[in-house]
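1. Need coordinates for the following:
(one chain, ligands or ions: 1)
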Amino acid sequence: MTDAEAHAELLRLRGSIDNLDSALVHLLAERFKVTQRVGELKAEHGFPPADPSREQRQIERLRALAQDARLDPEFAEKFLNFIVREVVRHHERIAAERQQD
Ligand SMILES: C=C(O[C@@H]1C=C(C(=O)O)C=C[C@H]1O)C(=O)O
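-> Numbering: from 1, shown residues only. Down below sits the predicted model:
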């Protein structure tokens, strides 16, 4: 492969990365829309912001999916935990705002 061909291939691969990153952003935006509604529902009914048993089931499910997809399960777990921590923070804020009203 010449340097020029390698450069063309690099640009093509980066185009795919850009498309995948766009899809990830849209998927995350949809997930946060749903979790926002879950947070409101929990606050309205006095349910706790976090549900550790649900989180544990999700971790197990995602680790298995990652394994099948040849993605590092440790990475999949860290990624899920990162998102869930943010969601729980939102839920705590929604509950605190409800209490002030
Ligand atoms: C979304 C929920 O709230 C929290 C956030 C979760 C998530 O982002 O998947 C899972 C469990 C909860 O700790 C839920 O209870 O379903």
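2. any residues touching stretch 32-39, and which ones?
-> Pro49, Val87, His90, His91, Ile94, Ala95 (Cβ atoms under 8 Å, 6 or more residues apart in numbering). Backbone N, C-alpha and C define where each C-beta goes, glycine included.
3. Name the residues of it that come out as buried.
-> Thr35, Val38, Gly39 (16 or more other Cβ atoms under 10 Å).
4. now do stretch 67-84
-> For stretch 67-84, by 16+ other Cβ under 10 Å, it's Pro73, Ala76, Glu77, Leu80, Val84.
5. ditto for stretch 93-101
-> Ile94, Ala95.
6. Can I get it as CSV, trimmed to CA atoms?
-> Taking C-alpha atoms only, stretch 93-101 is exported to CSV below (Å, rounded to 0.1, in the frame of the first residue of the first chain):
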residue,chain,number,x,y,z
ARG,A,93,-31.6,16.5,41.4
ILE,A,94,-35.1,15.9,40.1
ALA,A,95,-36.2,14.6,43.5
ALA,A,96,-34.6,17.5,45.4
GLU,A,97,-36.3,20.0,43.1
ARG,A,98,-39.7,18.2,43.7
GLN,A,99,-39.2,18.6,47.5
GLN,A,100,-38.6,22.3,47.1
ASP,A,101,-41.9,22.8,45.2
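7. Tell me how far that stretch lies from the chain's centre.
-> 24 Å (Cα atoms, centre = their mean, to the nearest Å).
8. what does this protein have sitting close to the ligand?
-> Counting by Cβ under 6 Å from any ligand atom, the chain comes close to the ligand at Thr35, Val38, Ala50, Asp51, Arg54, Glu55, Gln58, Val84, Val87, Val88, His91.
9. Pick out the residue closest to the middle of this protein.
-> By Cα atoms, centre = their mean, the chain has its centre lying nearest to Ile83, at 4.6 Å.
10. For that one, give me its contacts.
-> Counted by Cβ under 8 Å, 6+ apart, Ile83 has contacts Leu28, Arg31.
11. mind running it again at 10 Å?
-> By Cβ atoms under 10 Å, 6 or more residues apart in numbering, the contact list for Ile83 reads Leu28, Arg31, Phe32, Thr35.
12. and the gap between the first one and Arg85?
-> Computed with Cβ to Cβ, to the nearest Å, the distance linking Leu28 and Arg85 is 14 Å.
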